[in-house]
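Trainee: model this:
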Amino acid sequence: MNKKKVGLTIFYIACIIFIIVCINIQIKVNKQTEELKEEAKKYESLVTTTKSGEQIETEYTRIENNKFFLKVPTNFRQLTSEEINQKYIGNVPETVFSNEDGRINVAINTTENEMKNEEISSYKIQMENDAKENNWKVISSNYYEVDNHNISQIKMISSVNNSNIYNNTIAFSYKDKLVLITFKCKEELKEEWEGIGDFIIDSLFLAD
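Mentor: Numbers count the residues shown, from 1 in each chain. Alright, predicted model coming up:
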């Protein structure tokens, strides 16, 4: 094989490799674009429905003076400190949004407990162990990331004052402090409202 043929062969091989690389890059770009579109939809969508089809309108709410936000139903009202203290025993959250009859709640607890971002995976195990110690039914647990913040999640049925409560709780570190956000409702309302709870919890947005 002369030098000209060798040169052409190398050229053709280089062209083929270049085309393959370009195709792979385009596939990755398209995939990332679709993922960004899906992420954008999550933030843009403010209306969701219960299982029976009731429309629930939400709005992004800033949690206290922190730079994280959550979609909260517009017909939920924020409870006063006195109402929160009457409603909760023990680990009392700072902020609670509740529906009219108080059976469906979104509670935010910005604790003073030290918690690094890398420790959140271990905290998931602690949440699971706490549930087991209290003989609460763990439905599922999860670990994922939102805006570079690790998130631990647990769904369970707890028992409070002889009443079974459905909880969808996430835990994350914000400024090296533990933050807990929980959607909760009576167990008999779980089937109807579980999707709304997912919608609210999944809407978490951290700007810092």
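
Trainee: now Cys90: phi and psi?
Mentor: Not quite, residue 90 is Gly, not Cys. phi 90, psi -110 (degrees, to the nearest 10).

Trainee: how about the secondary structure of Asn65?
Mentor: coil (DSSP: H, G, I helix; E, B strand; the rest coil).

Trainee: roughly how far apart are it and Arg77?
Mentor: Per C-beta to C-beta, to the nearest Å, Asn65 is found 20 Å from Arg77. All C-beta atoms are positioned from the backbone trio N, CA, C, and that covers glycine.

Trainee: quick one: which of these two has more around it?
Mentor: Between Asn65 and Arg77, counted using other C-beta atoms under 10 Å, Arg77 has the larger neighbour count: 15 against 6.

Trainee: and that one, how far is that from Tyr143?
Mentor: 32 Å.

Trainee: so Glu112 lies in a strand, does it not?
Mentor: Yes. Membership of Glu112 in a strand is supported by three-state DSSP.

Trainee: around it, count how many other residues there are.
Mentor: Counted with other C-beta under 10 Å, Glu112 comes out at 6.

Trainee: ok, it - contacts?
Mentor: Shown in contact with Glu112 (C-beta atoms under 8 Å, 6 or more residues apart in numbering): Lys177.

Trainee: again, only using 10 Å
Mentor: 177-178 (C-beta atoms under 10 Å, 6 or more residues apart in numbering).

Trainee: and for Ser122?
Mentor: Counting by C-beta under 10 Å, 6+ apart, the residues that Ser122 touches are 115-116, 152.

Trainee: quick check: mean pLDDT across the strand or helix carrying it?
Mentor: Assigned by DSSP states H and E, Ser122 belongs to helix 120-133. Helix 120-133 carries an average pLDDT of 95.

Trainee: cheers, nothing more for now.
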